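*Asks:* Predicted model and sequence below, questions to follow.
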Amino acid sequence: MTAVAALLGTGAEPQGSAPVSFAPKARRVVLDTNVLVSLYVFADSRFAPLRARIERGEWQAITSEPCFGEFRRVLGYPLFALTDAQQQGALVAYAASALQHRDAAPATAAALPRCKDRDDQKFLELARDSAADWLVTADKALLRLARRDRLCGLFRILTPEAALAEA
C-alpha cells in the first residue's frame, strides 16, 4: 500500500487526483523532514521555487514509508500546534507529488557512513537505494557528512539554498 493510500486509510489510490508527470531527466531528490515542514507547513517563501520544481516535475521527490512516517509524526508535535486538518493537508500535498520508493537496498549497496543522529540514517539509505541525485536538508549532522565528502559518487547532500542555486 502506498503512503497516499495508507494516509487515506484505503487500499487504493485517491480517486480524481491528477497523475504527477515527470520530465524525462527530472532530478531525483530526497527531502528530509525539516525541509518538508518548511515547504508544506510554513510555506517558506524562500523555498517556494523548490516546491514549484517538484510540482512541475523538474525534480522528482522520493520518499519511503519510514521517511514519510517521520514527517507524519513530526507534524503532530505540540510545538507546531497543527490541527488534524492542517496535518492531513500537509501529508496529502506532499504525498501527491512524491514517488514512493519500496525496493530494499541491493545486496551490493555501497556502504554509508553512520550519521550521528540515528533518525537521519533513513534519509541517507533512501537517497542511496533510490539512486537520488541529492539529499536536500538543513540538518547539521547530515551537512557535516557532505563536508567530509564521504558520499562521493553516490549522491550529494545540499541545503535547500544550494539546491536552488544549482537547479
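*Replies:* Arrived safely.

*Asks:* Which helix runs longest in this structure?
*Replies:* helix 84-97 (DSSP state H).

*Asks:* center of the chain, which residue is that?
*Replies:* Centroid-nearest residue in the chain, with CA atoms, centre = their mean: Leu31, separated by 3.0 Å.

*Asks:* ok so, going back, who does the helix or strand that the longest helix of the chain is followed by touch, helix- and strand-wise?
*Replies:* Heading C-terminal from helix 84-97, the first helix or strand you meet, by DSSP states H and E, is strand 98-100. Under the contact definition 3 or more CB pairs under 8 Å, 6 or more residues apart in numbering; DSSP states H and E, strand 98-100 sits against helix 3-8, strand 59-63, helix 65-75. Every C-beta, even on glycine, is put in place using the N, C-alpha and C of the backbone.

*Asks:* Turn those into TSV, including mean pLDDT, mean neighbour count and distance to Ala81.
*Replies:* Formatted as TSV, those follow (pLDDT from 0 to 100; neighbours: other CB atoms under 10 Å; distance: least, CB to CB, whole Å):
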stretch	mean pLDDT	mean neighbour count	distance to Ala81
helix 3-8	53	18	21
strand 59-63	96	24	24
helix 65-75	96	18	11
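
*Asks:* Reformat those into a markdown table and put distance to Leu126 next to each item.
*Replies:* Converted to a markdown table, these look like this (distance: least, CB to CB, whole Å):
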| stretch | distance to Leu126 |
| --- | --- |
| helix 3-8 | 13 |
| strand 59-63 | 7 |
| helix 65-75 | 6 |
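
*Asks:* Which one of these lies nearest to Phe155?
*Replies:* Within those, the stretch nearest Phe155 is strand 59-63; the backing value is 10.7 Å (CB to CB).

*Asks:* same for that closest one, what does it pack against?
*Replies:* Using 3+ CB pairs under 8 Å, 6+ apart, strand 59-63 sits against strand 27-31, helix 48-56, helix 84-97, strand 98-100, helix 121-129.

*Asks:* What is the neighbour count of Gln121?
*Replies:* Other residues within reach of Gln121, judged by other CB atoms under 10 Å, total 17.

*Asks:* That one and Ala127 touch, don't they?
*Replies:* No. Between Gln121 and Ala127 there is no contact, the gap being 10.8 Å when judged by CB atoms under 8 Å.

*Asks:* list the buried ones in the longest helix of the chain?
*Replies:* Neighbour counts over helix 84-97 (16 or more other CB atoms under 10 Å) mark 87, 90-91, 93-95, 97 as buried.

*Asks:* Output the residues you listed in a markdown table, with pLDDT and distance to Ala138 appended to each entry.
*Replies:* Listed next are the buried residues of helix 84-97 as a markdown table, based on pLDDT from 0 to 100; distance: CB to CB, whole Å:
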| residue | pLDDT | distance to Ala138 |
| --- | --- | --- |
| Gln87 | 97 | 21 |
| Ala90 | 96 | 17 |
| Leu91 | 97 | 20 |
| Ala93 | 95 | 20 |
| Tyr94 | 96 | 17 |
| Ala95 | 96 | 22 |
| Ser97 | 93 | 20 |
